[in-house]
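>>> Predicted model, plus sequence, below.
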Amino acid sequence: MIVIIGATGTIGSALLKRLVDLGVPARALSREPEKLRNQIGDKGRSTIEVASADASDPESLRRAFAGASQLFLAMSNSPRQIELETSIIHIAIEAGIKHIVKISSPAFEKIAPVAVAGWHHEIEKTLSESGITHTVLRPYAFMQNLLRLAPTVTTQDVFFGSMGDSPCNFIDCRDIADVAAEVLTNREASGHIYTLTGSEIFSYPQIASKLSSLLARPIRYINMEPQVLLHNLIEYGHMPPWLANHVVEIQTMSTIIPEKPTDTVKRLLGREPRTLDVFLNENAENFR
């Protein structure tokens, strides 16, 4: 049995769909189990069990882990990341889990520090020191996060950032989920660290050009100084300061450390990853 933590998230929900298609049994955890049952729908109810659990409630986790052999761990980033995920790992091991698949972040780099990457680095250390078999997935920027640009694109034909013209790795969360399904169902693929990207890199000016063509109207990218972007994300985007700081840090990292795509998705899945063009076309209405 595979236990899924993060089943309502972008990656977790895509993983559930993939496991349903494969006919693989899983137990999905949620603080709102009825909502998750509705998300899964009739097709998934024969193979997906839904259990009520809370990451901050050890007893609920112990019940949820009973009889399971694998854990998929994909929690939303938060200042409690290290505390919660470390506790989950220890409880999972005590409950008899034999393999943990963790969604992490690109490797922590001292020359361009990203606080959230540091959190994940500490959690990866816990996994390594525990001795449990584990697989770490380190995806780069999610294509799905580009949808956060939609409000100003739809109202002002513009979006903002602080990456200049530096190219960035993007990956569709569905490809991350497909890789997760592979390492959960193929023992030979487990026990490794995988850096995940799409097959191409794109700068924000290039994305503006793609949106312009797609929407048949000019879309502009306006570059800002990092501190100006930080202020705007907090003041106008209503982001909590830690999250706004994360957005600025990862954009700054892209300008300091050159990014290039990997072939990991193709090697593991035997196909090319989904392209940015396909993603933007699928989501064109969000930007109109």
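Received the coordinates, thanks. Numbers count the residues shown, from 1 in each chain.
>>> Next, residue 103: phi, psi?
Backbone torsions of residue 103, given as degrees, to the nearest 10, read phi -80, psi 120.
>>> For it, give me the pLDDT.
Residue 103 is assigned 97 on the pLDDT scale.
>>> Residue 64 versus residue 54, what's the distance?
10 Å (C-beta to C-beta, to the nearest Å). Heads up, the C-betas are built off the backbone N, CA and C, glycines and all.
>>> More neighbours: these two, which one.
residue 64 (25 against 14; other C-beta atoms under 10 Å).
>>> Can you classify the more buried one by secondary structure?
helix (DSSP: H, G, I helix; E, B strand; the rest coil).
>>> cool, and residue 24?
coil.
>>> Skip the chain neighbours and tell me the closest residue to it.
residue 185 (6.0 Å; C-beta to C-beta, 6 or more residues apart in numbering).
>>> how far away is the one you found from residue 99?
Distance, residue 185 to residue 99, using C-beta to C-beta: 11 Å.
>>> which of these two has more neighbours?
For residue 185 and residue 99, the more surrounded residue by other C-beta under 10 Å is residue 99, and the numbers stand at 19 against 15.
>>> roughly how far apart are that one and residue 12?
17 Å.
>>> With residue 220 instead?
Here the criterion is C-beta to C-beta. By it, residue 220 lies 35 Å from residue 12.
>>> The two: who's more crowded?
residue 12 (26 against 15).
>>> can you map out the helices along the stretch 1-150 of the chain?
Along the stretch 1-150 of the chain, counting by DSSP state H, counting those that start in this stretch, helices occupy 10-22, 33-44, 58-65, 81-95, 115-130, 150-156.
>>> Give me the helices and strands touching the helix or strand of the chain with the lowest mean pLDDT, please.
Sorting the helices and strands of the chain by mean pLDDT, DSSP states H and E puts helix 33-44 at the bottom, at a mean of 81. For helix 33-44, the packing partners by 3 or more C-beta pairs under 8 Å, 6 or more residues apart in numbering; DSSP states H and E come out as helix 10-22, strand 26-30, strand 48-52.
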